[in-house]
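S.K.: Following is a predicted model, sequence given first.
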There are 2 protein chains.
Amino acid sequence: MTAPTSLSDGVTRPRVLDCTIRDGGLINGWRFDDGFVRRVMHALASAGVDYMEVGYRSSAKYVSPAGCGAWRFCHEDDLRRIAADLEPELKLSVMADVGRVELADICPRRQSAVQMIRVACYAAQVEQGIELAERCVDLGYEATINVMAISSVGPPELAKALELLGRSSVPTVYLVDSYGALYPEQVRALIGQYASSLPGKQLGVHIHNNLQLALANTIEAASGGATLLDATIYGMGRGAGNCPLELLLAFLGGDVRPILDVIQDVFLPLQRELRWGYHAPHMITGALNQHPRRGLEAMAQESPPRLRQLYEELRASGAPSGLTR
Amino acid sequence: MTAPTSLSDGVTRPRVLDCTIRDGGLINGWRFDDGFVRRVMHALASAGVDYMEVGYRSSAKYVSPAGCGAWRFCHEDDLRRIAADLEPELKLSVMADVGRVELADICPRRQSAVQMIRVACYAAQVEQGIELAERCVDLGYEATINVMAISSVGPPELAKALELLGRSSVPTVYLVDSYGALYPEQVRALIGQYASSLPGKQLGVHIHNNLQLALANTIEAASGGATLLDATIYGMGRGAGNCPLELLLAFLGGDVRPILDVIQDVFLPLQRELRWGYHAPHMITGALNQHPRRGLEAMAQESPPRLRQLYEELRASGAPSGLTR
């Protein structure tokens, strides 16, 4: 792929979605104060990023607010407070997990501060995901379906999910490597399958960094047709984190300077408190195509387990039925 | 590329060269004690790694021994002490920098503990590199030429270097991304050019990790025909470091467990003293295709410069004539 020389080039350029607050919030319970969120928002707008995902839209019926900051729920009041000084070029999105939100929690687009709702579901839940995302479309939002943990999905299940998605009116479908387990050759094959199964739809990509492949796999997906690319500032995210926004912008020829400023002033101090990035336990779960859970537990322990023991335990538990190489 | 399921598969499988001691030594002046080197050696042998690069072969005439450990010079006495309990499957290599060694420093292979000498030079020095490497071949060694800083080499200079290399008797030529500045699409193009310019020669690859692309670019080069793949344990190396061996072995289907052991027991404690890995100043030099020097200086300062200032200073200094995208 030949990268565009500027993020403002042409109409077919990939668009960048920053989900630092939403995905990074998994580490700190979304306890970001308004100043932090505004600082991120202004940096993203200055850098020419297209979307900022500010959190999850959740229902208190399903998600306990205990210990959680505002961005776990993204009530419209909270969004409006932040969006008051939003630059118009930057759109806001929220993520809605199937099973953790009700339609009653989602107002019509014209009453909302956000333009896009991204519906996250597993492949087995794709019918519920489509139902929710189509209602979001009806309410006037841009909507996506983010099919999580794609490396754990077997070929027949994936084919069925893509068939249902292809018949839906959901305009955008994401390839999400929740386990950070994919190699570029696998991303290439998967995005090719998405593209051929979902003609006319926009494709997105969201990659975790367990194998230090988040940028490479994002580039690979873009070269296979994905035009909505997720990243987070300095890769902030649970465990190994995400595709670092500064690297993606550098690749795309965007302006990294506002992101460097916010890394230096905000994210380097934050990383001294909250650990994310490449660590051996996260590498192990990624290499074995496993849920990040055990790596996160290992990192949280006072006396971490032997890495060899963690590796053997996870290997013995068996890879998911999904992907073979 | 479809990875082999085991490092012991077939004859065309890629071979792995670990250069932790040689490249990692750039951080600590090669002051690794014998126990450390032996521990690494046994881990590599257990993991099925093919080559271990134990340091530089240098001449005291050109390199001051002040502050340097034994592996800056790799005298045969030092090598023999280590190699005494070497597993026969693991071969040793040393690197020789053009201009920092004399032929008198290199004994015939049958008197040496090492099997391979890798000659490092810039594109402009390729004739001297070839001369040295051909003498190493004559002395009975496996020999390579490692053309450094390839991202700074302009197309005519590269074509000329490859032509000279093609006419030489040096059996192996490396693509070396010293600046960690290449994107996979560029590695693909370069390794293709190497392959077509150097028929019958083995190709190798050595990638720095400034843009978190060391593994991806190593895989890319392997899928383009490189069969000698460099890595270091936990990515240890100056600045952003190298392709992490544990990730490369996981990709190739090798046994990562001995490497996990040595990471936990040796490299995690070491990383608390010596910093390497992804840091914003290294990202900046990589993204701007610049020598790592200024990033290393920035990391060493008590009061680091503003990242924006570093970025603007390096951008103003101009990219090398080499690579355009």
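M.R.: Nice, thanks for sending it over. Residues are numbered from 1 along each chain as shown, chains lettered A, B, ... in the order given.

S.K.: May I see the buried residues of the helix or strand hosting A:Ala161?
M.R.: Using DSSP states H and E, A:Ala161 sits within helix A:155-167. By 16 or more other C-beta atoms under 10 Å in any protein chain shown, the buried positions in helix A:155-167 come out as A:157-158, A:160-162, A:164-166. C-beta coordinates here come from the backbone N, C-alpha and C atoms, glycine included.

S.K.: how about the nearest residue to A:Leu129, chain neighbours excluded?
M.R.: Careful, residue A:129 is Gly and not Leu. A:Cys121 (3.5 Å; C-beta to C-beta, 6 or more residues apart in numbering or on different chains).

S.K.: May I have the residues that are in contact with that neighbour?
M.R.: For A:Cys121, the contact set (C-beta atoms under 8 Å, 6 or more residues apart in numbering or on different chains) comprises A:97-98, A:128-129, A:145-148.

S.K.: For ChimeraX, write the select line for the buried members of these.
M.R.: For the buried members of the contacts of A:Cys121, the matching ChimeraX selection, counting by 16+ other C-beta under 10 Å, is:
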select /A:97,98,129,145,146,147,148
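
S.K.: Sitting in helices, which of the contacts of A:Cys121 do you find?
M.R.: A:128-129 (DSSP state H).

S.K.: Inside strands: which ones of the contacts of A:Cys121?
M.R.: A:97, A:145-147 (DSSP state E).

S.K.: Just give me the closest of these to B:Gly69.
M.R.: Nearest to B:Gly69 out of the ones in strands among the contacts of A:Cys121 is A:Asn146 (C-beta to C-beta; 50.7 Å).

S.K.: nearest spatial neighbour of the closest one, skipping sequence neighbours?
M.R.: Nearest to A:Asn146 is A:Tyr174, by C-beta to C-beta, 6+ apart, at 4.0 Å.

S.K.: Secondary structure class of A:Gly55, three-state.
M.R.: Of the three states, A:Gly55 takes strand according to DSSP: H, G, I helix; E, B strand; the rest coil.

S.K.: count of neighbours near the residue of the stretch 151-300 of chain A found nearest chain B?
M.R.: Residue nearest to chain B within the stretch 151-300 of chain A: A:Ala216 (3.1 Å; C-beta to the nearest C-beta). By the other C-beta atoms under 10 Å in any protein chain shown criterion, the neighbourhood of A:Ala216 contains 28 residues.

S.K.: Point me to the helix or strand that includes it.
M.R.: helix A:214-223.

S.K.: any residues touching that helix, and which ones?
M.R.: Contacts for helix A:214-223 (C-beta under 8 Å, 6+ apart): A:1, A:14, A:175, A:177, A:180, A:182-184, A:187-188, A:191, A:203, A:205, A:207-208, A:226, A:229-231, A:235, A:241-244, A:247-248, A:251, B:183-185, B:211-213, B:215-217.

S.K.: can you give me how far it is from the chain middle?
M.R.: The chain centre lies 14 Å from the centre of helix A:214-223; the measure is C-alpha atoms, centre = their mean, to the nearest Å.

S.K.: what comes up buried for that helix?
M.R.: Buried residues in helix A:214-223, counting neighbours by 16+ other C-beta under 10 Å, are found at A:214-223.

S.K.: Ok, stretch A:56-71 next?
M.R.: A:56-59, A:68-71.

S.K.: One more: stretch A:107-119?
M.R.: Within stretch A:107-119, the residues that qualify as buried by neighbour count (16+ other C-beta under 10 Å) are A:109, A:112-114, A:116-119.

S.K.: farthest pair in these?
M.R.: A:Ala113 and A:Val119 (18.3 Å).

S.K.: quick one: the strands in chain A?
M.R.: According to DSSP E, the strands that chain A contains are A:15-18, A:51-56, A:91-97, A:116-121, A:142-147, A:172-177, A:202-207, A:228-231.

S.K.: will you turn the ones you listed into TSV that also has distance to B:Val49?
M.R.: Shown next, in TSV, are the strands of chain A (distance: least, C-beta to C-beta, whole Å):
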stretch	distance to B:Val49
strand A:15-18	39
strand A:51-56	42
strand A:91-97	42
strand A:116-121	40
strand A:142-147	37
strand A:172-177	28
strand A:202-207	28
strand A:228-231	34
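
S.K.: Let's have the ones you listed in a markdown table, adding mean pLDDT.
M.R.: Listed next are the strands of chain A as a markdown table, based on pLDDT from 0 to 100:
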| stretch | mean pLDDT |
| --- | --- |
| strand A:15-18 | 98 |
| strand A:51-56 | 98 |
| strand A:91-97 | 98 |
| strand A:116-121 | 98 |
| strand A:142-147 | 98 |
| strand A:172-177 | 98 |
| strand A:202-207 | 98 |
| strand A:228-231 | 98 |
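
S.K.: Relative to B:Val170, tell me which of those wins on proximity.
M.R.: strand A:202-207 (38.8 Å).

S.K.: Kindly provide the distance from the closest residue to A:Arg100 other than its chain neighbours to chain B.
M.R.: Once flanking residues are discounted, A:Arg100 sits nearest to A:Tyr62: 4.6 Å by C-beta to C-beta, 6+ apart. Noted for A:Tyr62: a distance of 36 Å to chain B, by C-beta to the nearest C-beta, to the nearest Å.

S.K.: Was I right to think A:Tyr62 contacts A:Val98?
M.R.: No. The criterion here is C-beta atoms under 8 Å, and A:Tyr62 misses it with A:Val98 at 10.5 Å.

S.K.: re the thing from before, which of the buried residues of helix A:214-223 lies closest to A:Arg135?
M.R.: Taking C-beta to C-beta as the measure, A:Arg135 lies nearest A:Ala221 of the buried residues of helix A:214-223, at 27.3 Å.

S.K.: which residues does the nearest residue to A:Asp265 once chain neighbours are set aside contact?
M.R.: Excluding the flanking residues, the one nearest A:Asp265 by C-beta to C-beta, 6+ apart is A:Arg39, at 7.7 Å. Neighbour list for A:Arg39: A:262, A:265-266 [criterion: C-beta under 8 Å, 6+ apart].

S.K.: Let's see the pLDDT reported for A:Arg39.
M.R.: Listed pLDDT for A:Arg39 reads 97.

S.K.: could you check the distance from it over to A:Asp261?
M.R.: Distance, A:Arg39 to A:Asp261, using C-beta to C-beta, to the nearest Å: 9 Å.

S.K.: Determine the number of other residues adjacent to the residue lying closest to A:Leu296 once chain neighbours are set aside.
M.R.: For A:Leu296, ignoring the flanking residues on the chain, the nearest one in space by C-beta to C-beta, 6+ apart is A:Gly239 at 5.5 Å. Close neighbours of A:Gly239, defined as other C-beta under 10 Å, add up to 26.

S.K.: Next up, the contacts around A:Gly239.
M.R.: With contact set as C-beta under 8 Å, 6+ apart, A:Gly239 has these partners: A:180, A:208, A:210, A:276, A:279, A:282, A:285, A:292, A:295-296, A:299.

S.K.: what's the answer for A:Arg308, then?
M.R.: Contacts of A:Arg308 (C-beta under 8 Å, 6+ apart): B:257, B:260-261, B:264.

S.K.: could those residues go into JSON lines alongside distance to B:Lys91?
M.R.: Below are these laid out as JSON lines (distance: C-beta to C-beta, whole Å):
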{"residue": "B:Arg257", "distance to B:Lys91": "22"}
{"residue": "B:Leu260", "distance to B:Lys91": "23"}
{"residue": "B:Asp261", "distance to B:Lys91": "22"}
{"residue": "B:Gln264", "distance to B:Lys91": "26"}
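
S.K.: neighbour-wise, which of the residues you listed leads?
M.R.: The member of the contacts of A:Arg308 that has the most neighbours, counting by other C-beta under 10 Å, is B:Leu260 with 27 neighbours.

S.K.: so where's the stretch 151-300 of chain A shaky on pLDDT?
M.R.: Across the stretch 151-300 of chain A, nothing is flagged by pLDDT under 70.
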